[in-house]
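Undergrad: Compute the structure for the input listed below.
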Amino acid sequence: MNSKTIGLRFPKVGKPERREIETFIAASFFQRLRGLLGRKSLGEFQGLLLEECNSVHTIGMRFAIDIIFLSADFRIVEIHSAVAGFSFRRCKAATHTLELAAGQGQLLRWTVGDALKLHQKSTDEKIHCEKEFAI
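TA: Purely as a prediction, here's the structure:
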């Protein structure tokens with residue numbers, strides 16, 4: 001899997017704060033199929049972005065995760081918090097899925113309808129993602 005960094009901006013006490021999330025991109029069928037299997041955990045501000053994927057399973061997972069279903073334009077469609085092992089989640093309206101350690105979605109204060117903006121820096125291959133919000 002490719003390791004890239006996604007920067008996130010979200011409101012905190014009336015002022016935006018920037019966070020960096022190390023995100024592993026699963027683009028191929030086999031990368032998506034394997035997902036987080038075999039990992040003992042995800043660290044704080046780490047995640048897995050499953051491109052072109054609207055269903056996930058947690059069979060064989062050793063830890064709970066937050067599942068964030070995203071539309072084609074990276075708008076949050078559904079959030080499933082603290083999904084434990086041996087579960088299955090699907091969202092017909094989703095195009096991509098972001099998996100985070102359990103509790104991260106709440107920590108970031110994400111809600112359905114929030115939009116993530118992605119833009120890539122050409123110099124260091126980092127992808128930056130900003131949550132849209134009004135101050």
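
Undergrad: Report the buried residues of stretch 100-114.
TA: If you call a residue buried by 16 or more other C-beta atoms under 10 Å, then stretch 100-114 has these buried ones: Leu100, Ala101, Ala102, Gln104, Gly105, Leu108, Trp110, Asp114. Quick note: C-beta positions are derived from backbone N, CA and C, even for glycine.

Undergrad: gap between the two ends of it?
TA: Across stretch 100-114, the terminal residues are separated by 16 Å (C-alpha to C-alpha, to the nearest Å).

Undergrad: What of stretch 74-91?
TA: End residues of stretch 74-91 are separated by 14 Å (C-alpha to C-alpha).

Undergrad: which parts of it are buried?
TA: Counting neighbours by 16+ other C-beta under 10 Å, stretch 74-91 gives Phe74, Arg75, Ile76, Val77, Glu78, Ile79, His80, Val83, Arg89, Cys91 as buried.

Undergrad: Next up, the contacts around Phe86.
TA: Residues near Phe86 by C-beta atoms under 8 Å, 6 or more residues apart in numbering: Thr58, Ile59, Met61.

Undergrad: go with 6 Å
TA: Ile59 (C-beta atoms under 6 Å, 6 or more residues apart in numbering).

Undergrad: same question, Ile68
TA: Ile68 touches Ile79, Leu98, counting by C-beta under 6 Å, 6+ apart.

Undergrad: Mean confidence (pLDDT) on the helix or strand containing it, please.
TA: According to DSSP states H and E, Ile68 maps onto strand 65-70. Mean per-residue pLDDT for strand 65-70: 95.

Undergrad: Likewise for stretch 104-120?
TA: Here the average pLDDT along stretch 104-120 is 77.
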